[in-house]
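> Pasted the sequence and its predicted model underneath.
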Amino acid sequence: MAKVEYKSVLKDGLLHFPDQYSTMEYAADYLGISRAKLNALVEKDMLLWDQPKGKSRRCVEIKGLDLLKHPENEICFDPLYVQDGRALQREIDSARHKIAAAANLPPGAVKIMFDLG
């Protein structure tokens with residue numbers, strides 16, 4: 001997989017960071033691990049996942065895969081000034097997991113946006 005750019009989108013005063021998902025099979029292959037190990041990462045809340053309505057298969061957020069495989073890559077939140085993008089991303093992912101668990105939803109169903117208006 002080529003390096004993926006996660007550019008922010010400013011729309012109606014809200015700063016969005018679009019999610020991109022892949023299949024579990026692709027994710028396991030990309031990380032070079034077995035499907036069982038990938039499922040263990042998902043169960044330990046180390047990856048964001050979603051399960052679209054009416055589908056029986058889960059999908060995994062590509063940004064999380066890229067962060068696991070390439071921890072040296074910096075995370076950019078332009079146009080926000082963020083001292084530690086990695087720390088902010090951890091907080092966002094943790095919040096998505098907690099909110100989703102409380103609402104009985106997959107973490108990928110929770111979106112966090114910044115109100116710049």
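Good, I have the coordinates.

> now residue 114, which residues is it bridged with?
residue 15 (DSSP bridges).

> Am I right that it is in contact with residue 15?
Yes - because the distance of 4.2 Å satisfies Cβ atoms under 8 Å, residue 114 is recorded as touching residue 15. Heads up, the C-betas are built off the backbone N, CA and C, glycines and all.

> quick one: the helices in the chain?
Counting by DSSP state H, one finds helices in the chain at the ranges 24-31, 35-43, 62-69, 85-103.

> And those helices: which comes nearest residue 52?
For the helices of the chain, proximity to residue 52 was assessed by Cβ to Cβ; helix 24-31 is nearest, at 13.3 Å.

> Residue ranges in this protein under the pLDDT threshold?
Judged against pLDDT under 70, the low-scoring parts of the chain cover residues 1-6.

> thinking again about what came up before, which of the helices of the chain is buried the deepest?
Ranked by mean neighbour count under mean count of other Cβ atoms under 10 Å, those are led by helix 62-69, which reaches a mean of 19.

> so how far is it from its chain's centroid?
Taking Cα atoms, centre = their mean, to the nearest Å, one finds the center of helix 62-69 at 8 Å from the center of the full chain.

> and the angle from that helix to helix 35-43?
Here the directions of helix 62-69 and helix 35-43 differ by 110 degrees (axes from the mean of the first three to the mean of the last three Cα atoms, to 10 degrees).

> So what touches helix 62-69?
With contacts defined as Cβ atoms under 8 Å, 6 or more residues apart in numbering, helix 62-69 is touched by 1, 3-4, 6, 19-22, 27, 30-31, 41, 46-48, 73, 75, 86, 89, 93.

> what about 7 Å?
Helix 62-69 has contacts (Cβ atoms under 7 Å, 6 or more residues apart in numbering) with 4, 6, 20-22, 27, 30-31, 47-48, 73.

> Looking at these, which two lie furthest apart in space?
Maximum pairwise distance among the contacts of helix 62-69 (Cβ to Cβ): 18.9 Å, between 21 and 73.

> Those two: who's more crowded?
It is residue 21, of residue 21 and residue 73, that has more neighbours when counted by other Cβ atoms under 10 Å, with 19 against 13.
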